[in-house]
Structures are given as C-alpha cells and as structure tokens.
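*Asks:* Need the 3D shape of this:
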Amino acid sequence: MELSYQSTRGGEAGVTASQAILKGLAADGGLFMPCFIPKLDKTMKELSLMTYQETAYEVMKLFLTDYTEAELKSCIERAYDSKFDTQEIAPLSKADGAYYLELYHGSTIAFKDMALSILPHLMTTAAKKNQVKNKIVILTATSGDTGKAAMAGFADVEGTEIIVFYPRDGVSRVQELQMVTQKGDNTHVAAIHGNFDDAQTGVKKIFGDKEFADFLETKGYQLSSANSINIGRLVPQIVYYVYAYAKLLSTGELADGEWINVTVPTGNFGNILAAYFAKQMGVPVKTLICASNDNKVLFDFFQSGTYDRNREFILTSSPSMDILISSNLERLIYLSTGCDAALSAALMKELSEKGSYTVTGEMKEKMADFAGGFALEEENRATIKDLFDRTGYLIDTHTGVAAAVYRNYRQSTGDNTKTVIASTASPYKFSRNVLEAIEGKQETEDEFQIIDHLAGVSGIPIPLAVEEIRTAPVRHNTECDADQMKETVLRFLG
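*Replies:* Below you'll find the model as predicted:
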C-alpha cells in the first residue's frame, strides 16, 4: 500500500515519499507528514535477530513505499558501510544504570551521520524516479553537525550542489574546522553574523521565495533541504530507536514487551520526534524525556503549553541545542491537532508574527508521552565529570545535558523504567568543554593539544574524523550577514 505525504499547513497532499524527499519543504512552508504512521510488520523478537541494515529496511520500507525493494536496499547498503567504525553502526553502552545509544560512529562523529549517510542516495534515487533534469541544490542551516554531515554525504555527488550556513561564533572549533576544510567541488559554506535561528529563518525564507525558485529554475537548479525538516532525514532516524530496543531484547537486557523510556538532548526536535514515531510504530516506549540546555524553550512549552521564543538566546557548550525555534515541533503540533492543517498553519503564523503560540488543553493531552527537563551549564559539567569519575564512561556536552536531565527525572518521579539515552556526538567533537568538565579548570592549550590531552586522560582513541582536520587546509572562508544569504547562494552557484 502506498503511503502518501501532506503538508502540515494543508497546501499539498498526495505527495509520494520520493517527491517529499526531493522538495524538502512544502510549498506553503509546511513540513511533509505521512498520512498515517505505519505499524511495524515484524515482531520485536524477529527484529532482534537482524543487523542494523536489515532493521533499516524493515522500518524504511513502510514509509518510503514508492521506492522498490532493490532501490531501498541499495541506498541502505551504500550508507551503512565502512564509513562507520563499528559493524553494529549504533552500539549501546551501559553506564550508571542507563543504556547510551552511541550515534556517533559515522564519518563526522555526530548523530547526523545516521541519516545524512543515506539521504544523498535517497535523493539521487528520487531524482531518477521523478525524471528530474535540474541540478539539486541542497540548502541547509546548521547549528554545527548537520552542515558537516550533509557536506560529507553530498560531496561530489553528481547532479547536486550543497550550500551550508552556520552561525560564526555558535559552533565548536572542531565543528567549524570540519566544515571549512570539507573537500568536494560542489560544497559551499558560509559563516553568518548571527545565531542558528537567524540562519534557519534565512534558509526558510529562501525556500518560501517563489520568484527566487522560478529564477533558479531558468538556470537549471532546484532547491532541496538536508535539515531535519526533510522527511528523508526523519525516517532513517526512527531506525536506531527500533534497533536499540531489538538489541536490548537480543542481549537479554529487556524482556519482550518490557517498557523503556528514551531521553534525547533536544534542539530542533527531530531526533526525539523520531523516537515518538518509533513508539507509534509499536516499540514499547513509555516516556520520551526531552532534555534542554539553558535555551529551555521546549521545557517551558511542555510545562505550560505555550511556545515562546521571545527570550534571550544563550550560547552554551552544547551548541547543537542552542535553538529557540524547534522546526520539527510543527510535526507534533500537527498530530496533536488531529491533523488539522488549518489550525496548525494558524499556530505557525502566530509564531512567525508574535514569536509565541499556545496549544489547547486537548492538544496538550495528546502530548502526554513527553516529559521535559533542562540542565544548566554547571550541572552539565558536573554530570560529565561524575559519570567519568565513577564509571570511566566519557560523554560529550549534549549527552551530558541528557544524562543530567535523566537523573533529575528519575529522582523527581521515582520512575525506574529502563532508559535509553541518545548519545549524539563523540566527546572529541567538544574536546575543550569535555576536558574542562573532567579536570575542573579552564584549558589554555590549543584545540589539538587539548584533543591529545583528552586522549591521554580518557584512554579513548582519537577518531579519524578529528585526525583528518589536524592538517587539512581551509577551503571555505565566506562570511555574510543574515540578510545577505540569498545573494550568497547566487554567488556560490556562479
């Protein structure tokens, strides 16, 4: 049975999966959603005997129904290969009573690799299926990780160009070096003077500019997105939550049907939304614990039912979560309205005009599966240090937020359900902050001295992704203001 997609704002319906992946964003500014969330057609017992690649096929075939079995399996095989430094792709480590789902074993050592390794293959397959002759321009805003992972995925992929905007002072030094040293004749990067929300808003404006799209069309280009607003990013992320449950079942850590909680460090809301989709598909997930840093707009939303971005933007040591407009929340809002696109569109209009909106009591009830929590900088540092001192397990600053929030949740609720924590980046991606947390002092060494120091202290080998940028030449040095992004796109495309 073919599953079609529709816009959360009602402007488009009956769109195939491959068309939704090519477009990225709906023409009315909405996000594509499947007309229903399919149920898994394999039992957890059957899934527990499968590899990551086999699990990926079982999940993705239900959402991407216009891809043939051969097409989908080919995309999966090319994505989840030796680019990952472990055969398991997403291993689980048990520490301090929780299961850390390590999503950073791909080529750019962050969880974005899990979806961005496959998106270029899904997209080029979709272009062939839909007889697209234009060159596809991937346009993306990044808070640090998506940019590099998308560039690595799309570098020198025929028929594509990729343009990434990131906030000049809003990413870690390793994140920045990973982007500005990226190879590939079709890769372009610009640092904007502003924060991630400015970059994301600028990209959305470009997508919403019909005249600009028509102009690009005359030049043989069409825009698409690699952000988590693209359904081709969200669907592959559902896989690792299904896989995590199946894996815990296969190792005897869980009984069949036993509930788990999932804790996710959250910025743009895509990663935790994927866990919610896994729950809707039949994975026994009880509570989804949404972990925020100092920018606790999501925590406040789940507490009060009011989403309000009118607040100070705080730069933290977990920059991928320094976000005040969580784009993917629109998909949950849409579901909570009972898929009422008009109501969904009205709330998004309020957000764009007033910077806030409030959901109804009935909508809030439909989000009862979510619990919010936040951890400020000091608590994050203390959690990283405590976990490392007691168990020898080292986590990055985003996973630190999740671990701190999970501890607080367990203490305040007494809920001892077994919990999977999404571990979203290698400690080496944020080496300065991680080392400062475990040593309790400010580090004065340069980035690579710190990385070597961290390796000495932790005994964890330095990933190839970090070694590569140690001596790599800087290839990209464009900067622009947030209101110059459209001109910058045109300059990149020549």
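
*Asks:* In this structure, where is pLDDT below threshold?
*Replies:* Along the chain, no part satisfies pLDDT under 70.

*Asks:* try it again with 80
*Replies:* Judged by pLDDT under 80, the chain has its weakly predicted residues at 1.

*Asks:* Looking at it, which helix is longest?
*Replies:* helix 231-250 (DSSP state H).

*Asks:* what separates that helix from the chain centre, distance-wise?
*Replies:* With C-alpha atoms, centre = their mean, to the nearest Å as the basis, helix 231-250 stands 13 Å off its chain's centre.

*Asks:* buried sites along it?
*Replies:* 231-249 (16 or more other C-beta atoms under 10 Å). In this view, the C-beta of every residue, glycine as well, is placed from N, C-alpha and C.

*Asks:* what's the burial count for residue 174?
*Replies:* 25 (other C-beta atoms under 10 Å).

*Asks:* Can you give me the distance of residue 96 to residue 329?
*Replies:* Here residue 96 is placed at a distance of 30 Å from residue 329 (C-beta to C-beta, to the nearest Å).

*Asks:* Who has more neighbours out of these two?
*Replies:* Neighbours per residue (other C-beta under 10 Å) separate residue 96 from residue 329, with residue 329 holding more: 24 against 15.

*Asks:* show me the contacts for that one.
*Replies:* Contacts here follow C-beta atoms under 8 Å, 6 or more residues apart in numbering; on that basis residue 329 touches 269, 273, 298, 301, 307.

*Asks:* hmm, try it at 6 Å
*Replies:* Contact partners of residue 329, counting by C-beta atoms under 6 Å, 6 or more residues apart in numbering, are residue 269.

*Asks:* Likewise for residue 299?
*Replies:* Residue 299 neighbours (C-beta under 6 Å, 6+ apart): 292, 372, 374.

*Asks:* One more: residue 466?
*Replies:* Contacts of residue 466 (C-beta under 6 Å, 6+ apart): residue 428.

*Asks:* quick one: the helices in the stretch 151-300 of the chain?
*Replies:* 173-180, 196-207, 210-218, 231-250, 270-281, 297-304 (DSSP state H, counting those that start in this stretch).

*Asks:* residues in contact with residue 409?
*Replies:* Applying C-beta under 6 Å, 6+ apart, the residues contacting residue 409 are 289, 373.

*Asks:* Surely residue 239 and residue 61 touch.
*Replies:* No. Using C-beta atoms under 6 Å as the test, residue 239 is too far from residue 61 to be in contact (11.1 Å).

*Asks:* Distance check, residue 18 against residue 32.
*Replies:* Counting by C-beta to C-beta, the gap from residue 18 to residue 32 is 11 Å.

*Asks:* do the same with residue 271
*Replies:* Taking C-beta to C-beta, one finds residue 271 at 18 Å from residue 32.

*Asks:* go on, residue 56?
*Replies:* 20 Å.

*Asks:* Kindly report the same for residue 377.
*Replies:* Taken as C-beta to C-beta, the span from residue 377 to residue 32 is 36 Å.

*Asks:* So for these two, which residue has more residues nearby?
*Replies:* Per other C-beta under 10 Å, whichever of residue 377 and residue 32 has more neighbours is residue 32, with 26 against 18.

*Asks:* Hmm, residue 3 and the more buried one touching each other?
*Replies:* No. Residue 32 lies out of contact with residue 3 (C-beta under 6 Å); the separation is 11.3 Å.

*Asks:* For residue 230, see how far away residue 282 is.
*Replies:* 24 Å.

*Asks:* Kindly report the same for residue 284.
*Replies:* Counting by C-beta to C-beta - residue 284 and residue 230 are separated by 28 Å.

*Asks:* Name the residue in these two with the higher neighbour count.
*Replies:* More crowded of residue 284 and residue 230, by other C-beta under 10 Å: residue 230, with 26 against 16.

*Asks:* quick one, what contacts that one?
*Replies:* Counted by C-beta under 6 Å, 6+ apart, residue 230 has contacts residue 24.

*Asks:* before we move on, what about residue 29?
*Replies:* Per C-beta under 6 Å, 6+ apart, neighbours of residue 29: residue 208.

*Asks:* so it, which of the three states?
*Replies:* coil (DSSP: H, G, I helix; E, B strand; the rest coil).

*Asks:* cool, residue 408 as well?
*Replies:* Following three-state DSSP, the label given to residue 408 is helix.

*Asks:* Now residue 93: which helix or strand?
*Replies:* In this structure, residue 93 sits in strand 92-95 according to DSSP states H and E.

*Asks:* Residue 352 now?
*Replies:* Going by DSSP H and E, residue 352 is part of helix 341-354.

*Asks:* contact partners of that helix?
*Replies:* With C-beta under 6 Å, 6+ apart as the criterion, helix 341-354 contacts 8, 9, 10, 333, 334, 337, 357.

*Asks:* Out of the residues you listed, name the ones that lie in strands.
*Replies:* The strands, defined by DSSP state E, take in residue 357 from those.

*Asks:* The contacts of helix 341-354 in helices, which ones?
*Replies:* Among the contacts of helix 341-354, DSSP H puts 333, 334 in helices.

*Asks:* Report the two of the contacts of helix 341-354 separated the most.
*Replies:* 10 and 357 (16.8 Å; C-beta to C-beta).

*Asks:* Of all the residues in stretch 214-227, which ones are buried?
*Replies:* Buried residues in stretch 214-227 (16+ other C-beta under 10 Å): 216, 221, 222, 223, 224, 225, 226, 227.

*Asks:* Please, where are all the helices along the stretch 301-450 of the chain?
*Replies:* 329-336, 341-354, 361-365, 377-391, 397-413, 431-439, 447-458.

*Asks:* In terms of secondary structure, what does the third one contact?
*Replies:* Right, helix 361-365. Contacting helix 361-365 under the criterion 3 or more C-beta pairs under 6 Å, 6 or more residues apart in numbering; DSSP states H and E is no other helix or strand.

*Asks:* buried sites along that helix?
*Replies:* So for helix 361-365, counting by 16+ other C-beta under 10 Å, buried means 363, 364.

*Asks:* Mind listing residues that contact it?
*Replies:* By C-beta under 6 Å, 6+ apart, the list of residues contacting helix 361-365 reads 305, 336.

*Asks:* could you pull out the strands for the stretch 51-200 of the chain?
*Replies:* For the stretch 51-200 of the chain, applying DSSP state E, counting those that start in this stretch gives strands covering 92-95, 98-102, 135-141, 160-167, 187-193.

*Asks:* Of the ones you listed, which is nearest residue 423?
*Replies:* Taking the strands of the stretch 51-200 of the chain one by one with C-beta to C-beta, strand 98-102 is closest: 4.4 Å.

*Asks:* Please list all residues in contact with the residue sitting furthest away from the middle of the chain.
*Replies:* Here the chain reaches farthest from its C-alpha mean at residue 218, the gap being 32.6 Å by C-alpha atoms, centre = their mean. Residues counted as contacts of residue 218 (C-beta under 6 Å, 6+ apart): none.

*Asks:* Using a markdown table, lay out the helices of the stretch 151-300 of the chain together with distance to residue 113.
*Replies:* Below are the helices of the stretch 151-300 of the chain laid out as a markdown table (distance: least, C-beta to C-beta, whole Å):
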| stretch | distance to residue 113 |
| --- | --- |
| helix 173-180 | 12 |
| helix 196-207 | 19 |
| helix 210-218 | 29 |
| helix 231-250 | 10 |
| helix 270-281 | 13 |
| helix 297-304 | 24 |
